[in-house]
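Asker: Task: produce atomic coordinates for the following.
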Amino acid sequence: MYYFIRIIAHDFLRKEVRIMRKIIIAAIAVAFIAGAVYAAQEAAKPAAGSKAMTYEGTIIDNACATSNKAKLGEFIKTHTKQCALMPNCAASGYSLYMPDGSLMPFDKASGTKIQKFLKKKSSKLEVSVKANDNAGTLELVSIKNTPVKK
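Answerer: Numbering: from 1, shown residues only. Next up is the predicted model:
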């Protein structure tokens, strides 16, 4: 009888050890995944005190940029501030057409700032902006009129 109880107790302890081992492995895996997610989030944040870059170009709304993509270099010369402020155009967001022909989109918050700037009577589409480049999307810091170098 003693031997039988000892075998049952031994089997019970082995099962308990296996369960505890699984719990510990699961806890380590969760901690590792949480650490990896935290590290990825920290890496995605712009560095504190990161310096904004200055870009010069022409503001264009994304609706017009998309519909005139094939001949954007020619279209940009005739695009007006009034068009960029039309409700559908303004709602599409804005991009900066660079002198080299590339297009750099602004984030949504920057679009609101650009729209406010364009509503000023003295504003023009040819601008100089200070912005942070966040994975190919510009985060506007400041904007002012300036002629584009041609």
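Asker: What ranges in the protein fall below the confidence cut-off?
Answerer: Residue ranges of the chain with pLDDT under 70: 1-13, 44-50, 147-150.
Asker: Can you spell out the domain ranges of it, please?
Answerer: 1-45, 53-145 (automatic domain parsing).
Asker: Please, where are all the strands along the protein?
Answerer: In the chain, the segments counted as strands under DSSP state E are 53-61, 94-97, 103-105, 126-134, 137-145.
Asker: Now residue 122: closest residue in space that isn't a chain neighbour?
Answerer: The shortest distance from residue 122 to any non-neighbouring residue, by CB to CB, 6 or more residues apart in numbering, is to residue 145 (7.1 Å). C-betas here are computed from N, CA, C, even on glycine.
Asker: Against residue 59, how distant is that neighbour?
Answerer: Separation of residue 145 from residue 59 (CB to CB, to the nearest Å) stands at 10 Å.
Asker: same question, residue 132
Answerer: 17 Å.
Asker: And the two? Which one has more around it.
Answerer: Shown here are residue 132 and residue 59; by other CB atoms under 10 Å, residue 59 has more neighbours (24 against 17).
Asker: shouldn't that one be in contact with residue 123?
Answerer: No: assessed by CB atoms under 8 Å, residue 59 is found out of contact with residue 123, at 9.1 Å.
Asker: in the sheet, who's paired with the residue nearest to residue 122?
Answerer: Beta-bridge partners for residue 145, by DSSP bridges, are residue 127.
Asker: surely it meets residue 123?
Answerer: Yes: Residue 145 is within contact range of residue 123, at 6.3 Å (criterion: CB under 8 Å).
Asker: Settle it for me: which of the two has more neighbours?
Answerer: residue 123 (17 against 13).
Asker: Distance of that one relative to residue 117?
Answerer: In terms of CB to CB, residue 123 sits 5 Å off from residue 117.
Asker: who's in contact with residue 76?
Answerer: 58, 60, 97 (CB atoms under 8 Å, 6 or more residues apart in numbering).
Asker: Next up, the contacts around the closest residue to residue 110 other than its chain neighbours.
Answerer: Of all residues not flanking residue 110 in the chain, residue 140 sits nearest, at 3.6 Å (CB to CB, 6+ apart). Residues counted as contacts of residue 140 (CB under 8 Å, 6+ apart) are 106, 107, 109, 110, 113, 114, 129, 130, 131.
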